[in-house]
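Q: Give me a 3D structure for the following:
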Amino acid sequence: MESIKQKKGILSRLRQKRHMLEKRCERIGEMLPASMILRKRTKEGGFEKVEYPGKGVCAYLTYLEGGVTRHRYVRKDNLKEAMAVTENYRKFSGMMAEVRSLNREVVRVLEEIGKTQKQEVKKYVKKRAGRNGGKKRTK
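A: So this is what the prediction gives:
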């Protein structure tokens with residue numbers, strides 16, 4: 001079992017990492033809570049997903065509006081900006097997931113420290129000799 005000093009060191013490192021992530025989240029810039037889908041028309045008339053914009057590729061924003069998923073076409077002249085702000089949101093979401101994970105870990109370590117520091121109640125309670133000052137009951 002780790003000592004309290006070691007656990008406090010772990011706690012300090014977790015807090016530093018969380019603080020660093022929080023600062024990075026603050027500096028992320030403009031975001032758009034949506035994802036970008038790039039599609040290219042196939043010979044059969046359907047669409048296939050592609051990883052990069054190019055000739056014949058259409059871009060769509062996918063977002064949630066009123067509980068319904070929406071897809072909207074993105075014009076070519078707005079594509080770079082839309083990709084940048086959706087990428088910022090993706091990075092932000094990932095960092096916030098990591099912050100939530102660190103918070104859970106901080107709580108776990110604090111609970112371990114509390115369990116280690118917890119003392120038994122018996123140590124502070126005076127043991128009684130018996131009922132009625134040690135006298136036995138007679139019927």
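Q: What's the local residue count around Ala59?
A: 20 (other Cβ atoms under 10 Å). Where C-beta positions appear, they are placed from N, C-alpha and C, glycine not excepted.
Q: Check which helix or strand it maps to.
A: Ala59 belongs to strand 57-65 when assigned by DSSP states H and E.
Q: which other helices and strands contact that strand?
A: Contact partners of strand 57-65 among helices and strands, from 3 or more Cβ pairs under 8 Å, 6 or more residues apart in numbering; DSSP states H and E: strand 35-41, strand 68-74, helix 79-117.
Q: Who does it pair with, and is each partner parallel or antiparallel?
A: Strand pairing for strand 57-65, determined by DSSP bridges: strand 35-41 (antiparallel), strand 68-74 (antiparallel).
Q: for the helices and strands packed on strand 57-65, which one sits closest to Lys23?
A: helix 79-117 (10.2 Å; Cβ to Cβ).
Q: Check which helices and strands that closest one sits against.
A: Partner elements for helix 79-117 (3+ Cβ pairs under 8 Å, 6+ apart): helix 4-26, strand 35-41, strand 57-65.
Q: Sweet, I'm off.
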